[in-house]
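Novice: pasting a predicted model and its sequence here:
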Amino acid sequence: MGKQDDFFRTQIRIPSDVYEAIKLSAEESGRSVNAEMVHLMSAALGMKEPVPDLAESRIRELIREELTKAGK
């Protein structure tokens, strides 16, 4: 994660159903709600996601797959 100066802090209002969809997506991807919102907005704007985040996401996915196979 970058320095605090690299970020802009804001507050938004979103409908409850949209928040719940983002929250579910965050849980499935292994990201926080904030990170998921940044990810979704970046994707919608056609911006590239940083490579380390992609690698971390893939690692989490592989771990989940292996735990599922192991019955956990």
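Specialist: Yep, that arrived. The structure presented is a predicted model; accordingly, all values stated were derived computationally and were not measured. Residues are numbered from 1 along each chain as shown.
Novice: when you work out contacts or count neighbours from here on, use the C-alpha atoms and nothing else.
Specialist: OK.
Novice: need the pLDDT of Ser16.
Specialist: pLDDT recorded at Ser16 is 95.
Novice: buried stuff in the biggest helix by length in the chain?
Specialist: Taking DSSP state H as the assignment, the helix of the chain that covers the most residues is helix 51-69. Of the residues in helix 51-69, those buried under the neighbour-count criterion (16 or more other Cα atoms under 10 Å) are Arg60.
Novice: distance between that helix and the chain's centre?
Specialist: Averaging C-alpha coordinates over helix 51-69 and over its chain gives two centres that are 12 Å apart (Cα atoms, centre = their mean, to the nearest Å).
Novice: measure Glu36 to Glu61 for me?
Specialist: Between Glu36 and Glu61 the computed distance is 15 Å (Cα to Cα, to the nearest Å).
Novice: related to what we said a few turns ago, ok, and what's touching the longest helix of the chain?
Specialist: Contact with helix 51-69 is made by 29-31, as judged by Cα atoms under 8 Å, 6 or more residues apart in numbering.
Novice: do that again at 7 Å, thanks
Specialist: Helix 51-69 is contacted from outside by 29-30, using Cα atoms under 7 Å, 6 or more residues apart in numbering.
Novice: average pLDDT for that helix?
Specialist: The pLDDT scores in helix 51-69 average 76.
Novice: let the chain start at 255 from now.
Specialist: Sounds good: first residue 255 from here, last item helix 305-323.
Novice: CA atoms only: put that helix into PDB for me.
Specialist: Presented in PDB, the C-alpha positions along helix 305-323 are these (Å, rounded to 0.1, in the frame of the first residue of the first chain):
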ATOM      1  CA  VAL A 305       0.200  -6.300 -10.400                       C
ATOM      2  CA  PRO A 306       0.800  -7.100  -6.700                       C
ATOM      3  CA  ASP A 307      -2.900  -6.900  -6.000                       C
ATOM      4  CA  LEU A 308      -3.600  -9.300  -8.900                       C
ATOM      5  CA  ALA A 309      -1.000 -11.700  -7.500                       C
ATOM      6  CA  GLU A 310      -2.400 -11.500  -4.000                       C
ATOM      7  CA  SER A 311      -5.900 -12.100  -5.300                       C
ATOM      8  CA  ARG A 312      -4.800 -15.200  -7.300                       C
ATOM      9  CA  ILE A 313      -3.000 -16.500  -4.200                       C
ATOM     10  CA  ARG A 314      -6.100 -16.200  -2.100                       C
ATOM     11  CA  GLU A 315      -8.100 -17.900  -4.900                       C
ATOM     12  CA  LEU A 316      -5.700 -20.800  -4.900                       C
ATOM     13  CA  ILE A 317      -5.700 -21.100  -1.200                       C
ATOM     14  CA  ARG A 318      -9.500 -21.200  -1.200                       C
ATOM     15  CA  GLU A 319      -9.500 -23.900  -3.900                       C
ATOM     16  CA  GLU A 320      -7.100 -26.000  -1.900                       C
ATOM     17  CA  LEU A 321      -9.100 -25.600   1.300                       C
ATOM     18  CA  THR A 322     -12.200 -26.600  -0.500                       C
ATOM     19  CA  LYS A 323     -10.500 -29.700  -1.900                       C
END
